[in-house]
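Enquirer: Predicted model follows, preceded by the sequence.
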Amino acid sequence: MGCCTPLFDSELSHRLDGQTIAITGASDGIGLATAILCAKRGAKLILLCRNIQKMQNAKNDILSNFPDAHVDTVQMDLADLASVSRAADDIFTQGLSIDILVANAGVVFHPVSWLYLTNSVQVINHFSHAHLFNSLVQNGALRENCRVVFVASDAHKAADGDLSYWKTYGSEESARGALGEAVSFKAYAESKLANILFARELAARYEKMTIVALHPGAVETNIGETVKDKWGCCGSFLSCCIFKCCGTCFRNPEQGAQTSLKCICDPALSTGKYYSNLQEAPVQIRGNRKLDEIQADLWNITEDFLKANFPRRPPTMISTQ
Ligand SMILES: NC(=O)c1ccc[n+]([C@@H]2O[C@H](COP(=O)([O-])OP(=O)(O)OC[C@H]3O[C@@H](n4cnc5c(N)ncnc54)[C@H](OP(=O)(O)O)[C@@H]3O)[C@@H](O)[C@H]2O)c1
């Protein structure tokens, strides 16, 4: 494998037989590579993807390499909260029980919709994953002693934890804030900080679970395409700068999935922690806000968001175990 990429479990000593692993965004990039590495170790997979054709291709890809693999597929678009609810219901009605949930799907940029007054980067990268977790806890599809792995990013270092416009989500003010944030890469940085702090808060509240976040390194995947779509050829340069900021060289998706694999397999993982290059890593942001304060803010904003969008399905997240 290429430069600066520590490998986890190259001897295949960690088996995942009997473990059911659900992975969001398993149709491409790091998510697909993670699914393949897990299938290689005997895991039963649930692929959660928005694009049915790409999901089927991913399943075929896995089965062509590992014909005995057990692969279930559930369509889910994280930009659409109703679709996330349906996916959680499907998992439950199919009688699937999840040992490990990998919240991997993510986007750097996504069009801000004035019609719905939303910034989809927040929704896809954070709120929908929170809704998915909450729904799977509520319907019992997520095991009490499960593991939850959030694929975050060192891009969180560009965040300052100012979530003020997240609070007024759905309002015109929020949309204006979201527009400003969306063109500045800040929305992505804040959403990746949200992944890390949400994992920390859940770890404190769900003591029987092991919940972590991670940085996969700078990985050559399609995620840069959203940058290119947004700014054309300037985007190519910008995406290159973004990835160069995150690491000194690019990894391929299999290399980029190594820290995810560690967080999935390693029995010695510390709940609530952030991992990078197979090791615990510090969480650092810009500005003076304390992480604990931002974490508390994020929790309240997320609860309010779930209550506002699912008034007849009150969040389980409110109560601790
Ligand atoms: N690549 C890097 O250098 C890097 C660095 C740090 C962190 N990360 C994180 O790694 C994670 C995976 O990214 P990647 O680099 O593998 O990117 P990728 O190749 O673009 O894959 C992203 C995955 O997320 C899915 N996705 C996007 N929007 C979705 C939606 N609305 N609903 C459901 N699924 C959706 C994509 O589905 P489609 O196949 O349908 O597009 C795809 O499967 C992200 O959370 C990202 O923030 C990546």
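Expert: Nice, thanks for sending it over.

Enquirer: Could you pull up the residues touching Ile100?
Expert: Ile100 makes contact with Gln19, Thr20, Ile21, Ala22, Ala43, Cys146, Arg147, Val148, Val149, Ile264 under the criterion CB atoms under 8 Å, 6 or more residues apart in numbering. C-beta here means a position set from N, CA and C on the backbone, and glycine is covered the same way.

Enquirer: one more time with 10 Å, if that's ok
Expert: Each residue near Ile100 by CB atoms under 10 Å, 6 or more residues apart in numbering is listed here: 16, 19-23, 38, 43, 142-143, 146-149, 210, 263-265.

Enquirer: what helix or strand is it on?
Expert: strand 98-103 (DSSP states H and E).

Enquirer: Summarise which helices and strands the helix or strand just after that strand is packed against.
Expert: Sequence-wise, the next helix or strand downstream of strand 98-103 (DSSP H and E) is helix 120-122. Counting contacts by 3 or more CB pairs under 10 Å, 6 or more residues apart in numbering; DSSP states H and E, helix 120-122 is packed against helix 172-182, helix 186-205.

Enquirer: now helix 120-122: how far from the chain's centre is it?
Expert: Helix 120-122 sits 12 Å away from the centroid of its parent chain (CA atoms, centre = their mean, to the nearest Å).

Enquirer: ok, back up a step: okay, and which of the contacts of Ile100 map to helices?
Expert: Under the assignment DSSP state H, these contribute Cys38, Cys263, Ile264, Cys265 to helices.

Enquirer: List buried residues within those.
Expert: By neighbour count, with 16 or more other CB atoms under 10 Å, those hold Cys38, Cys263, Ile264, Cys265 as buried.

Enquirer: any weak-confidence spans in the chain?
Expert: Scanning the chain for pLDDT under 70 picks out the ranges 1-4, 110-119, 168-184, 226-248, 312-321.

Enquirer: so where's the longest strand in it?
Expert: strand 142-151 (DSSP state E).

Enquirer: Could you spell out the sheet neighbours of that one, each with its direction?
Expert: Strand pairing for strand 142-151, using DSSP bridges, gives strand 98-103 (parallel), strand 210-215 (parallel).

Enquirer: Redo those strands as CSV? Include distance to the ligand.
Expert: Output for the strands paired with strand 142-151, formatted as CSV (distance: least, CB to the nearest ligand atom, whole Å):
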stretch, distance to the ligand
strand 98-103, 8
strand 210-215, 6
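
Enquirer: Which secondary structure state does Val74 sit in?
Expert: strand (DSSP: H, G, I helix; E, B strand; the rest coil).

Enquirer: Identify the bridge partners of it.
Expert: Applying DSSP bridges, one finds that Val74 bridges with Leu48.

Enquirer: wouldn't it be in contact with Cys49 here?
Expert: Yes - in this structure, Val74 is within contact of Cys49 by CB atoms under 10 Å, at 8.1 Å.

Enquirer: any residues in contact with both of those two?
Expert: Residues within reach of Val74 and of Cys49 at once, by CB under 10 Å, 6+ apart, are Thr24, Met55, Ala87.

Enquirer: Adding distance to Tyr275, write those out as JSON lines.
Expert: Shown next, in JSON lines, are the shared contacts of Val74 and Cys49 (distance: CB to CB, whole Å):
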{"residue": "Thr24", "distance to Tyr275": "18"}
{"residue": "Met55", "distance to Tyr275": "27"}
{"residue": "Ala87", "distance to Tyr275": "26"}
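
Enquirer: follow-up on the earlier one: and the longest strand of the chain, what's buried?
Expert: Residues Leu142, Arg143, Cys146, Arg147, Val148, Val149, Phe150, Val151 are the ones in strand 142-151 that count as buried (16+ other CB under 10 Å).

Enquirer: tell me, which of the residues you listed make contact with the ligand?
Expert: Among the buried residues of strand 142-151, the ones lying near the ligand by CB under 6 Å from any ligand atom are Val151.

Enquirer: With distance to Asp304 added, can I get the buried residues of strand 142-151 in TSV?
Expert: Listed next are these as TSV, based on distance: CB to CB, whole Å:
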residue	distance to Asp304
Leu142	22
Arg143	28
Cys146	25
Arg147	27
Val148	22
Val149	25
Phe150	20
Val151	25
